[in-house]
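Enquirer: got a predicted structure here, sequence first:
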Amino acid sequence: MERGVRTQDWSLIATCTRGLEEVLRGELQALGHPDATSGRGMVRFRGGMEAVYSANLQLRTGMRVLREIEEGPAASRDELYELASSVAWEEVFSKGLTFAVESAGRGTAFPNSSFASLVVKDAIADRLRARWGVRPDVDRGSPGLVVHVHLARDRAGLALDSSGEPLSHRGYRPMGGPAPLSETLAAGILLLAGYDGSRPLVDPMAGTGTIAIEAALIATRTPPGGRRRFACERWPQHDFAVLQAVRERWSSAHRSAPSAVVAGDRDPKAIAATTRNAQAAGISTALVAVVREVRDLELPGEGAMIVSNPPYGERLGNPRELSTLYRELGDVLKRRGAGATAWLLVGNPALVKAVGLRASRRIVLFNGPIECRLLRYDLYQGERSKSPDERTVPR
């Protein structure tokens, strides 16, 4: 039986870095999807083209927005072929549109996911040739449409990628730097820290400025996807007027940053890159980039937040040498950070000890394959006052 795809009450999936699922769910709820539900590395929600546009434009922690097409048995090559053949791809494709198929997961009959991609590709091409008289072209380099296959034992799910380039590719950081933090993870760190632009923020080890730029985007309420295009603009259902209305609605919410955002780094080249990236992101007036040693940390205002991703030896620096840096960072936070709240993303437990401060909160996140901890440090003025319970505990 054929499955049509005309309805625009679609099942949609936004994917994310592990550890950011609840942050992403909160973003989708704020976009008008109160029934959004989170899973491992993803959040499900429903909607049509307007929801697809809004999610791609506005999500700060989402990596991709997928439109689920079909799900069913795939315990063999024939079952997967039948599943893919049953979809009304002629309602999804336009003539002349190239495509590619990507597979992920692991299936009982498909230990090699590339074989699953080949089966689905053949099913799509055969169906469209039977209806149009010509086979659509496959373009693995720059396809007009990407079909995702997710394998899970004896079943498979088929989905369309509405984003194209990952949503972490905001377009403001073409060079990146030697070991950049992804834009979506940087935004997730800020949202987990409760940052909304109302408090001053400084990153004393800014590198090429990703955390500070994402902070400025949040502070100014700038849509993170506002300067790029998306794969869904090539769908037959694409509605230019709706997309423009969505863009204008989010753009109208723009404001000046209510508090300072500062990016500091000891490397003049890194600060020059931060300045270029901020200009490319359209928020250069909301961010101050300064060449400054960590030991010269300056808080940009009362109640400031310190948010940083110091190197931890996996891709940059030697862990033994970095212990000195972390001890210096801990000392600086004690001496010059009083009254602030510090959030550090650290991927090496030994380096955490070198900071010499007790974290009040620990959150597990993944920077690519590296398991990290996002640590919160409350930097009190003088000696922290004890609660009544603490004062009555015998020593």
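Expert: Perfect, thanks for sending it. Numbering: from 1, shown residues only.
Enquirer: run the chain-centre distance for the top strand by length along the chain.
Expert: The strand that spans the most residues within the chain, counting by DSSP state E, is strand 62-73. Distance of strand 62-73 from the chain centroid (Cα atoms, centre = their mean, to the nearest Å) equals 17 Å.
Enquirer: any buried residues in it, and which?
Expert: Neighbour-count burial for strand 62-73 flags 62, 63, 64, 65, 66, 67, 68, 69, 72 (criterion: 16 or more other Cβ atoms under 10 Å). Just so you know, the C-beta spots here come from the backbone N, C-alpha and C atoms, and that holds for glycine as well.
Enquirer: tell me the contacts of the last one?
Expert: Taking Cβ atoms under 8 Å, 6 or more residues apart in numbering, we find residue 72 in contact with 79, 83, 86, 155, 156.
Enquirer: regarding residue 79, what is its secondary structure?
Expert: With DSSP: H, G, I helix; E, B strand; the rest coil as the basis, the three-state label of residue 79 is helix.
Enquirer: how about the nearest residue to it, chain neighbours excluded?
Expert: Closest residue to residue 79 apart from its sequence neighbours, by Cβ to Cβ, 6 or more residues apart in numbering: residue 73 at 4.9 Å.
Enquirer: tell me the pLDDT of that neighbour.
Expert: Confidence at residue 73, expressed as pLDDT, is 97.
Enquirer: surely it is in contact with residue 86?
Expert: No: if you go by Cβ atoms under 8 Å, residue 73 and residue 86 don't touch, sitting 11.2 Å apart.
Enquirer: all helices of the stretch 201-350 of the chain, in order?
Expert: 210-219, 240-251, 268-281, 319-336, 349-355 (DSSP state H, counting those that start in this stretch).
Enquirer: count the residues that sit near residue 41.
Expert: Neighbour count for residue 41, taken as other Cβ atoms under 10 Å: 16.
Enquirer: no wait, residue 236
Expert: Residue 236 - counted by other Cβ under 10 Å - has 11 other residues nearby.
Enquirer: got it, and residue 355?
Expert: Residues near residue 355, counting by other Cβ under 10 Å: 23.
Enquirer: quick check: closest non-adjacent residue to it.
Expert: Nearest to residue 355 is residue 330, by Cβ to Cβ, 6+ apart, at 3.9 Å.
Enquirer: for the one you found, what are its contacts?
Expert: 354, 355, 356, 357.
Enquirer: buried subset of those as a ChimeraX selection?
Expert: Selecting just the buried residues from those in ChimeraX takes one command, with 16+ other Cβ under 10 Å as the test:
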select :354,355,357
